[in-house]
Every structure is written in C-alpha cells, then in structure tokens.
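K.L.:
sequence first, then the predicted structure:
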Amino acid sequence: MDLYFGVDYYPEHWPRSRWEIDASLMKEMGIDAVRMAEFSWSKMEPTPSVYNFEWLEQAITLLAKHNIKTILGTPTAAPPAWLVEQCPDILPVDSNGIQRSFGGRHHDCHSNAGYRRYINNIVTAMAERFGNNENVIGWQIDNELGNSHWDLCMCQSCTKGFQTWLENKYRDIESLNSAWGNYFWSQDYNHFGQIPAPKLTVAGRNPSAMLDWRRFCSDLIVDFQQYQIDIIRALCPSKFITHNFMDFLDKVNYFDLAKKLDFVSHDQYPCYFRQGNLHPSKDALSAALDLTRGTKNKTFWVMEQQAGASGWDVISRLPKPGQLAMWAVHSVAHGADAVVFFRWRTCTVGTEQYWHGILPHSGKPGRRYDELKSMIHKMRPVMAEIQGALPRSDVGIVYSYDQNYALHIQPHHPELSYKIQVLKYYAGFNSKNIPVDLISCRDDFSSFKLIVAPLQYVMTPDLAEKYKKYVRNGGHLVLTMRTGVKDVNNICMSEEDLPGTLADILGIEVTDYDCLRDGPVKIDWEGDSFVGEKWADLIECKGAELLACYDSEFYKGTVAITKNYHGKGVAYYVGTEPEEKLVNRLVEEFCSNVDIRSLGESPDGVELTHRHISGKDYIFAVNHTEKEQKLTIPEKWEPVFEDQNDRLPAFGVGIFIETVN
C-alpha cells in the first residue's frame with residue numbers, strides 16, 4: 001500500500017459511535033495512515049501490569065476496513081499518575097534544584113532505572129500485542145524527545161549518569177581537571193563522585209563543564225530512544241521505526257538521534273502560537289525541512305503538519321485560505337515522502353483545546369477539510385513518482401550542535417545566535433533559488449562545490465584538517481568570525497593567533513576583535529555600503545585578497561572580508577555578522593567564482609526548489625505570499641497539472657518537470 005498522507009488521531013477522546021464517521025471522512029479525504037497512542041499510557045495500562053489494548057485494537061481494525069494503516073507511538077512522553085505515585089523520583093529536577101510536578105507531559109527523567117523498567121513493560125506489551133498486526137506498519141518512539149526538557153533533568157540519577165559518562169570519557173580525574181581548567185577558582189575535583197550536575201551557582205558556571213553536560217544530555221536522550229528501539233526491533237523486526245524531530249530544537253543532537261532510525265520524521269508548525277508570527281519566514285521553514293533531510297541524507301516524513309491555528313493558553317493567527325495546503329506541499333518539495341497532519345479533530349479537554357485540527361470541536365468538516373482534501377487528491381500522483389527523490393545541491397552549510405552548545409554557553413554578544421547566523425547564510429542562497437544541503441561536519445564534503453561553515457568556534461585538529469583538505473582539493477570554503485577560538489573542551493586556544501591552524505588556508509591573522517554592544521559597524525565593498533552586526537574581527541591580510549573593509553569605528557579602512565587562493569581551492573573569511581543585504585552580496589561573490597546551480601529567478605516570496613529522480617527534476621514553485629504572482633517559466637519546464645499557467649494564486653504551488661542529464 002502506498003502511504004502519502006496521514007493524520008494524528010486520538011479515538012480515545014471521542015465516543016466509539018464517532019469512530020466510523022471519522023474513518024469514513026478520512027477515507028473520503030484520501031488519508032492513508034494514522035498515528036495513535038503516543039499519549040495514551042494510562043488508557044493502555046490503567047494500573048500496573050494490567051493492560052487494556054482492546055479499544056486500540058478495535059480502532060486499528062475499524063480504520064483498516066477503510067484502507068487506513070496505523071503507526072503506533074510508544075507512550076513514554078506521558079507517564080501516568082500511578083507510575084509517578086510508585087516511582088516519584090522519575091519527576092525531573094531543574095537547575096534550581098526544584099522537582100517538577102505531574103500534570104503536563106514530559107514529566108520524566110530519562111536516566112531513571114525504575115522508569116526504564118516500566119517502559120520495558122509497556123513497550124514490550126504493545127509490541128507483543130501489535131507486532132504481527134498487518135495493519136500496524138510502524139512505530140514512533142516517544143514524542144519530540146528533548147521538548148520541554150530545556151532545563152532538565154539534574155536529579156541524583158542524572159548526576160550519577162553524568163559522573164559515569166565523564167569517567168568513561170576522561171578515565172582519571174587528573175585528566176578531567178586539566179581538560180576543564182579546574183585550577184581556575186579552585187574547582188579541582190578529587191574524584192568523579194564530587195562532580196555535580198551544573199545547577200545554578202552563586203557566580204558563573206564552568207564553560208567546559210557546561211559543554212560536557214550538554215553533550216551528556218544529548219547522549220542520554222539517544223540512549224533513551226535506543227532502549228525502546230531495541231525492544232521493538234526484537235519483537236517487530238519487519239516494522240519501521242521513526243521519531244518526530246522539531247526543526248532546530250537543540251537539546252539533542254539530531255544527527256546522532258537519526259542514526260538508528262529507519263527514517264526520521266519532523267513536526268512542521270509554520271504558524272506557532274508562542275511566536276505570534278503573521279507571515280512565517282519561508283527561509284526558516286525551508287531550512288528546518290532541509291536540516292531534517294540532512295540528518296540522514298534521506299527523504300523523511302512530516303509526522304505533524306499544521307492543520308489549523310495552534311494554541312495552548314494563547315492562539316496563533318488562523319491560517320489563510322490556501323496556506324495549509326501550500327505548507328504541506330512545501331514540506332513535500334523539500335523531501336517529505338509522507339505528510340501526516342496534526343490533528344484530526346480539535347480536542348475539547350486539556351492543554352491543547354485550542355490546537356486546532358482538520359476538523360473543529362464540532363467534528364463537522366469545513367474549509368480546512370475541503371482545502372486539504374483537494375490538495376491530497378491532486379498531489380497523490382506526484383507523490384507516487386517522487387518517493388525517495390532528493391535534491392541535487394552544490395552548496396552545503398555545516399550545522400553543528402557542538403558550536404551551538406558552546407556559543408549558547410558564552411554567546412559574547414547578548415543577541416548572537418548560532419542558529420540565526422546559519423539561517424542568514426541559508427536565506428541568502430534560498431532567495432536566489434540555489435539548492436542547499438544542511439550537513440554535519442562529519443559528512444563527506446567532496447560532493448559540494450561550496451561549503452559555508454559559520455561560527456566554527458570549537459575547533460579540533462581533525463576538523464581543521466578536513467577543511468584544509470577540502471580547499472586544497474579544489475573546494476570553496478566560507479568561514480566566519482569566531483573561527484578556531486576554542487578546543488574540544490571549550491578552552492581558549494593560545495598556541496597561535498586566531499583563526500589558529502586555519503590561518504594558512506585563509507591567508508589572514510585576527511589581531512583583535514570588537515563586540516558591537518552599542519550598534520553595528522559600517523562596511524564598504526568597492527564603494528557599496530553595508531552593515532556588520534554584533535561583532536567585528538580586526539584582520540590583517542597575510543596573503544589574502546581584501547574584498548571589503550570596515551567603514552566606521554577606530555578601525556575604519558581595515559580588513560572585514562577576505563578571499564584567499566590555496567591549493568586548487570578558495571577560502572573566504574567574513575569577520576562580522578552580515579546584514580541581509582551584505583549576505584546577498586556575498587552570495588553574488590560566491591556565485592561569480594563557482595559554477596553553482598540556481599533553479600531560476602522568481603518573484604519575491606516565491607520559492608523554487610526541486611527533487612531529482614530518474615533523470616528528471618520535479619521543480620516546485622511555492623508562493624508564500626497572499627497575492628497572485630507571475631512566474632517566468634522556461635521552455636524546458638513541463639507543467640505537471642493541466643490547469644497550470646504562469647500565474648501562481650495566493651499561497652499557490654506549481655510543479656514542473658525538467659529532463660536533465
């Protein structure tokens with residue numbers, strides 16, 4: 001059975017007399033699959049070791065009669081009250097030492113051994129009951145791992161886990177003391193058992209300890225997921241296993257979390273209630289999808305695609321006509337092989353009473369249902385043709401959780417953000433319809449003509465050598481301010497001036513730097529004026545070519561941006577955070593020196609992206625604006641739909657096929 005569109009369904013929230021109506025409406029809409037049970041622990045196990053799966057089995061069977069398959073979620077994001085009563089120490093502890101309470105979700109400690117025994121029981125029981133059910137096609141582990149755990153957990157169990165993790169890494173306490181620079185402020189430890197979780201202190205926290213803590217927390221979540229994967233693999237070897245990521249959420253390294261999954265999934269909420277954004281950035285939405293694709297360099301599912309206004313205590317704007325369908329096709333354009341909408345029907349109880357689904361509270365189909373139904377039936381033939389298809393990208397942007405962690409610990413400028421810096425460069429390419437892959441520093445660079453690596457703050461000898469080799473072999477590399485500052489232990493390197501061992505490929509020396517706390521610095525590039533924000537490296541060229549210089553402050557006239565030929569390649573250095581106009585000028589510079597493919601020109605707000613398969617590019621023209629746009633269509637583009645022309649309606653999408661070599 002082909003699976004292209006689905007919906008997240010909670011039959012336990014509604015009378016059984018309603019289930020048949022829901023299944024019929026889903027079938028009419030074109031729904032192929034549902035995700036269920038990820039928050040249903042108390043319903044499936046109302047008391048310890050007493051299981052109630054009958055309702056779930058009945059729902060699976062009823063849906064199957066309508067040719068709708070099921071993905072089951074393990075319910076470990078919402079442990080029930082009886083479990084907390086029996087094992088109260090599973091409740092997580094924050095950096096203030098305060099234990100969080102039952103009554104929401106994610107009220108769990110991932111390291112707690114007692115909790116894992118209960119997890120083993122419920123996941124095993126589910127897998128044994130449904131593992132051979134032909135209508136259950138796969139599993140989702142937990143739900144949005146890392147979500148809600150920003151400041152959690154620092155309990156005794158996690159502290160002991162951290163100590164063991166550190167001992168495995170450093171082997172002896174002297175090595176840890178040296179690596180962390182614990183001679184500062186008399187922070188030396190005599191044994192690993194003295195090391196606390198980094199709760200709030202009187203004054204400051206050790207940056208090296210904080211970075212290792214972030215790494216430990218990520219590894220712990222990966223291990224927590226693997227604990228459940230192992231159970232399901234043993235009992236349900238023929239079923240797929242996935243997990244739903246959340247774009248740039250950084251509690252866990254998604255490249256690591258993705259490794260043991262058959263494919264990754266993603267939750268895409270363009271209009272999120274906490275942000276209150278009226279017109280979501282197409283660049284941020286696209287980058288989130290491209291990062292998801294990049295974690296395994298494979299196509300993915302969207303396990304939660306926005307289906308209405310989002311909200312808990314406050315509510316987002318209502319998506320405009322056509323916007324929900326456009327967002328769904330936009331996900332497909334960036335690599336989604338299946339789109340599952342959250343949720344089927346808007347809930348009447350609990351925290352998410354205003355997280356609107358395809359159906360309203362009343363359950364009566366309306367505009368959202370009709371809009372998505374029309375899109376699903378129109379897109380089904382396209383989905384069948386592009387399964388597994390990936391884009392062809394000349395440009396890679398390195399996304400590193402370690403850099404993000406380290407700069408979050410010491411951001412220098414209060415508004416400096418690693419994620420925002422990455423998105424700025426991404427937006428520069430996306431605005432010119434240049435396909436981009438978001439990649440890990442562990443990935444192979446050789447297939448990319450240009451690599452952009454912003455804020456390479458933490459540098460290791462291996463990573464430095466990888467960048468050097470890439471340039472020597474003919475690659476074009478872009479490095480930026482704050483490159484090569486720290487070693488792997490988050491200690492400032494002192495053997496060489498910045499940018500450390502990368503100075504030879506860059507042909508520069510950073511002699512000093514200025515944190516721009518009171519405003520931006522002006523930049524002059526061959527008579528054109530730009531602005532640099534938040535930071536300014538003071539640079540001397542040691543063989544590099546000057547591209548742009550500072551045009552204000554006491555270092556007016558000195559070097560801001562450089563270009564250096566090295567080996568067969570070129571290395572650029574950008575000594576400031578560029579404004580949007582300057583990013584666009586940089587992209588023009590890169591494109592003038594490297595043969596980088598663009599999909600073509602389009603009006604502002606219209607994005608061109610593509611997926612390639614069997615000698616064909618499926619090109620998506622996505623209108624993110626609420627007005628009609630005119631598209632220039634090359635002769636070699638063949639329209640997929642008969643009703644397509646050069647006019648894209650508000651929030652409209654055109655799809656074209658180009659035959660390529």
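P.N.:
Structure received. Keep in mind the model is a prediction, meaning the values are calculated, not measured.
K.L.:
S157 is in contact with A113, correct?
P.N.:
Yes: counting by C-beta atoms under 8 Å, A113 does reach S157; the two are 7.2 Å apart. Placement of C-beta: from N, CA and C, glycine included.
K.L.:
the more surrounded of those two?
P.N.:
S157 (20 against 12; other C-beta atoms under 10 Å).
K.L.:
as a whole number, average confidence for the host helix or strand of the more buried one?
P.N.:
Assessed by DSSP states H and E, S157 sits inside helix 156-170. The pLDDT scores in helix 156-170 average 98.
K.L.:
quick one: contacts for the residue nearest the centre of the chain?
P.N.:
Residue closest to the average C-alpha location in the chain (C-alpha atoms, centre = their mean): D247, at 2.5 Å. By C-beta atoms under 8 Å, 6 or more residues apart in numbering, the residues touching D247 are H266, D267, Q268, A287, A288, L291, T292.
K.L.:
among those residues, who's most crowded?
P.N.:
Highest neighbour count within the contacts of D247: T292, with 31 neighbours (other C-beta under 10 Å).
K.L.:
next, count neighbours for H361.
P.N.:
Counted with other C-beta under 10 Å, the neighbours of H361 add up to 13.
K.L.:
contact partners for it?
P.N.:
Contacts here follow C-beta under 8 Å, 6+ apart; on that basis H361 touches R345, T346, T348.
K.L.:
and for A548?
P.N.:
The neighbourhood of A548, defined by C-beta under 8 Å, 6+ apart, consists of I523, D524, W525, E526, F530, A560, I561.
K.L.:
please parse this structure into its domains.
P.N.:
Listed by automatic domain parsing, the domain ranges of the chain are 5-149+232-385, 395-593, 606-659.
K.L.:
of all those domains, which lies closest to A179?
P.N.:
A179 lies closest, by C-beta to C-beta, to one member of the domains of the chain: domain 395-593, at 4.3 Å.
K.L.:
name the SS class of the nearest residue to Y550 once chain neighbours are set aside, please.
P.N.:
Nearest residue to Y550 in three dimensions, chain neighbours excluded: A560, at 5.0 Å (C-beta to C-beta, 6 or more residues apart in numbering). A560 falls in the strand class when you classify it by DSSP: H, G, I helix; E, B strand; the rest coil.
K.L.:
could you report the neighbour count for A560?
P.N.:
30.
K.L.:
and F620, backbone torsions?
P.N.:
Here is the backbone geometry of F620 (degrees, to the nearest 10): phi -100, psi 120.
K.L.:
what's across from it in the sheet?
P.N.:
On the basis of DSSP bridges, F620 is bridged to T609, I655.
K.L.:
distance check, it against A333.
P.N.:
Using C-beta to C-beta, to the nearest Å, F620 is found at 4 Å from A333.
K.L.:
what sits in contact with each of those two?
P.N.:
In contact with both F620 and A333: T609, H610, R611, V653, using C-beta under 8 Å, 6+ apart.
K.L.:
of all these, which comes closest to T625?
P.N.:
Checking those against T625 by C-beta to C-beta gives V653 as the nearest, at 12.2 Å.
K.L.:
that closest one is in contact with Y618, isn't it?
P.N.:
No: with contact defined as C-beta under 8 Å, V653 does not reach Y618; the gap is 11.7 Å.
K.L.:
more crowded one of those two?
P.N.:
Legend: neighbour count by other C-beta under 10 Å for V653 and Y618, higher for V653 (27 against 21).
K.L.:
which stretch of helix or strand covers K298?
P.N.:
For K298, there is no helix or strand it lies in under DSSP H and E.
K.L.:
should've said G104
P.N.:
Counting by DSSP H and E, G104 is part of no helix or strand.
K.L.:
pull the residues that contact the helix or strand harbouring V329.
P.N.:
Using DSSP H and E, V329 falls within helix 323-333. Helix 323-333 has contacts (C-beta under 8 Å, 6+ apart) with 266, 268, 270, 282, 285-286, 289, 302, 305-308, 319, 339, 341, 368, 371-372, 374-375, 379, 382-383, 386, 607, 609-611, 620, 622-624, 651-653.
K.L.:
repeat that for stretch 389-398.
P.N.:
Applying C-beta under 8 Å, 6+ apart, the contact partners of stretch 389-398 are 293, 297-299, 334-335, 422, 425-426, 429, 434-441, 443, 445, 448-454, 456, 594-597, 609-613, 617-618.
K.L.:
any quick ChimeraX command for the buried ones out of those?
P.N.:
Of those, the buried ones can be selected in ChimeraX as follows, counting by 16 or more other C-beta atoms under 10 Å:
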select :293,298,299,334,335,422,425,426,429,434,435,436,437,438,439,440,441,443,445,448,449,450,451,452,453,454,456,594,596,609,610,611,612,617,618
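K.L.:
could the domains of the chain go into a markdown table alongside mean pLDDT and distance to G161?
P.N.:
Listed next are the domains of the chain as a markdown table, based on pLDDT from 0 to 100; distance: least, C-beta to C-beta, whole Å:
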| stretch | mean pLDDT | distance to G161 |
| --- | --- | --- |
| domain 5-149+232-385 | 97 | 4 |
| domain 395-593 | 98 | 18 |
| domain 606-659 | 97 | 42 |
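K.L.:
which non-adjacent residue is nearest K432?
P.N.:
Excluding the flanking residues, the one nearest K432 by C-beta to C-beta, 6+ apart is S598, at 5.5 Å.
K.L.:
an error on my part: the question was meant for R274.
P.N.:
Using C-beta to C-beta, 6+ apart and skipping residues adjacent in sequence, the residue nearest R274 is V314, 7.8 Å away.
K.L.:
for the one you found, give its distance to Q268.
P.N.:
20 Å.
K.L.:
ok, R517 next?
P.N.:
Look at R517 and Q268: by C-beta to C-beta, they are 36 Å apart.
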